[in-house]
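Visitor: sequence below, structure please.
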Amino acid sequence: MKVNKNLRLIVLLREIIHDRFNLEDDKASEEEIIENVRKGIEFRGMNLWVLIFAIFIASIGLNVNSTAVIIGAMLISPLMGPIMGIGLGVGINDFEIIKKSYKNLGVAVLISVLTSTVYFLITPLSDAQSELLARTTPTIWDVFIALFGGLAGIVAATRKSISNVIPGVAIATAPMPPLCTAGFGLATGNLSFFFGAFYLFFINSVFISLATYIIVRFLKFHKKEFLDPQKEMRVKRSIITVVLITVIPSIIMAYNIVNRTFIEKNVQQFITNELNFPNTQVVSRKINFDSSRVQIEVLLLGAPAESNLIEAAKQKLPKYRLDNAKLIVKQGITEGSKVDISAIRAGVIEELYKKNEEIIKNKDKQIQLLESKIALLSQNQFPIEEISREAKVIFNSLQELSVNKSIIMNLKSNKTDTLVVAYAKFSKSVPYSERNKFNEWLKERTNSKDLRLIIN
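Guide: Alright, predicted model coming up:
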């Protein structure tokens, strides 16, 4: 009996979960979904011009460090079409869609990089701003954003109703700004910017396509069938080859990104804990990743740190899983030394931000303490003006009135208690019966059972 009850509970739970997470409701037909994705793949005419204009807008946004402008450019960018098309083609075994998607994605990437390069060649602003620098080094979070953003995008694309999810995915996964940053790298001759930004775009594209493939297979889309078995085998081999060429580098890159993220976190903890010398400030830090080891360069300003302290800090690198790391500590700015002024500026700004954040937190605590005290005082007070006006109507000879909550200490029991104390002054002598009447009225008016009345 108990087993049957448990089985019914499991079945009921499955039905509830299936009802809540069912993707079949409001799902468009397979033909309609595939046709909609096909339309977004092609880059010619309007789509191509919109892409060029969006690239110009995004490049300007990166150049002037305007987040709002970059978001606007991502909203109108049509880059998501061929990226999702690759995942769809692999999911339904359609090599024609895959070829078309790769071809159009290549055209889109080429046009995007050329357009942004032209812009950054003619713009008078040549500094790399924070928005642009953020697109040069991928992190593990970029991988997660691309994957989950791609999942949200393809789920929205399979619905009958028009959704605002696709523009949101375009903003979250940001496939276009890295191409603009790659153009900046070409225009300024900075190949590390070019490859770093292209690296980020590649990672985004692969994981958006992977997300599309996952949902297409989850929804059990029908795979394309071939009448000729030999042609079907050639198509499958071509798809497997394309997938391997794309996925293997992306897996290696994703592993390197994860590894790099952990190393950066460990380096940050090491610098914060072990290079905290008195009257000395870390103003810049740089991590160089080589094939054999990690090199950490730190610039200190202020009172020079003694060499034995620095050596002691180096000995603690294995504690932070930085066994193969090399620590280089530079102290002060000497003549002939190469100093990255932008890195120093960024370090100083970061330190100021942290200090200001700490000051704000302390002030917030003080405000909360004051607010709690005010609230406590408010609880101990009565609306004296309102009570006084009412009392004056009832008792004409009343001149002064005060009502407050007080803490009274019972010395015999050594305990404290709250007592309402009222002070009243009348213009003439008040009979005992009137005093009792006034006392009872105050108890009712203040809703206080324990009230002490003092009459002058």
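
Visitor: domain map for this protein?
Guide: Structural domains assigned to the chain are 27-224, 265-357, 384-455, following automatic domain parsing.

Visitor: deepest-packed of these, please.
Guide: Most buried of the domains of the chain, by mean neighbour count (mean count of other CB atoms under 10 Å): domain 27-224, with a mean of 19. Just so you know, the C-beta spots here come from the backbone N, C-alpha and C atoms, and that holds for glycine as well.

Visitor: show me where the stretch 151-300 of the chain has strands.
Guide: 280-289, 294-302 (DSSP state E, counting those that start in this stretch).

Visitor: mean pLDDT added to the domains of the chain, as TSV?
Guide: Formatted as TSV, those follow (pLDDT from 0 to 100):
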stretch	mean pLDDT
domain 27-224	79
domain 265-357	74
domain 384-455	83
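
Visitor: name the residues that touch the helix or strand containing residue 57?
Guide: Taking DSSP states H and E as the criterion, residue 57 maps to helix 46-64. With CB atoms under 8 Å, 6 or more residues apart in numbering as the test, helix 46-64 has contacts from 43, 66-70, 72-74, 76-79, 81, 107-108, 111-112, 115-116, 119-120, 123, 125, 129, 131-132, 135, 176-177, 179-181, 183-184.

Visitor: now that helix, how far from the centre of its chain.
Guide: How far helix 46-64 lies from its chain's middle: 25 Å, per CA atoms, centre = their mean, to the nearest Å.

Visitor: repeat that for stretch 85-105.
Guide: 32 Å.

Visitor: could you pull out the helices for the stretch 51-200 of the chain?
Guide: Counting by DSSP state H, counting those that start in this stretch, the stretch 51-200 of the chain has helices at residues 67-76, 80-91, 95-122, 130-133, 140-157, 165-173, 177-188, 191-218.

Visitor: between these, which one is nearest to residue 367?
Guide: Smallest distance to residue 367 across the helices of the stretch 51-200 of the chain (CB to CB): 29.5 Å, for helix 67-76.

Visitor: same for the closest one, what does it pack against?
Guide: Helix 67-76 sits against helix 46-64, helix 165-173, helix 177-188, with contacts defined as 3 or more CB pairs under 8 Å, 6 or more residues apart in numbering; DSSP states H and E.

Visitor: got a markdown table for the ones you listed, with distance to residue 395 too?
Guide: Shown next, in a markdown table, are the helices and strands packed on helix 67-76 (distance: least, CB to CB, whole Å):
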| stretch | distance to residue 395 |
| --- | --- |
| helix 46-64 | 73 |
| helix 165-173 | 68 |
| helix 177-188 | 77 |
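
Visitor: grab the nearest non-local neighbour of residue 114.
Guide: In space, residue 114 comes closest to residue 183 once its chain neighbours are excluded; the distance is 7.4 Å by CB to CB, 6 or more residues apart in numbering.

Visitor: please report how far the one you found lies from residue 111.
Guide: Per CB to CB, to the nearest Å, residue 183 is found 11 Å from residue 111.

Visitor: got the domains of the chain as CSV, with distance to residue 20 columns?
Guide: Below are the domains of the chain laid out as CSV (distance: least, CB to CB, whole Å):
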stretch, distance to residue 20
domain 27-224, 14
domain 265-357, 36
domain 384-455, 49
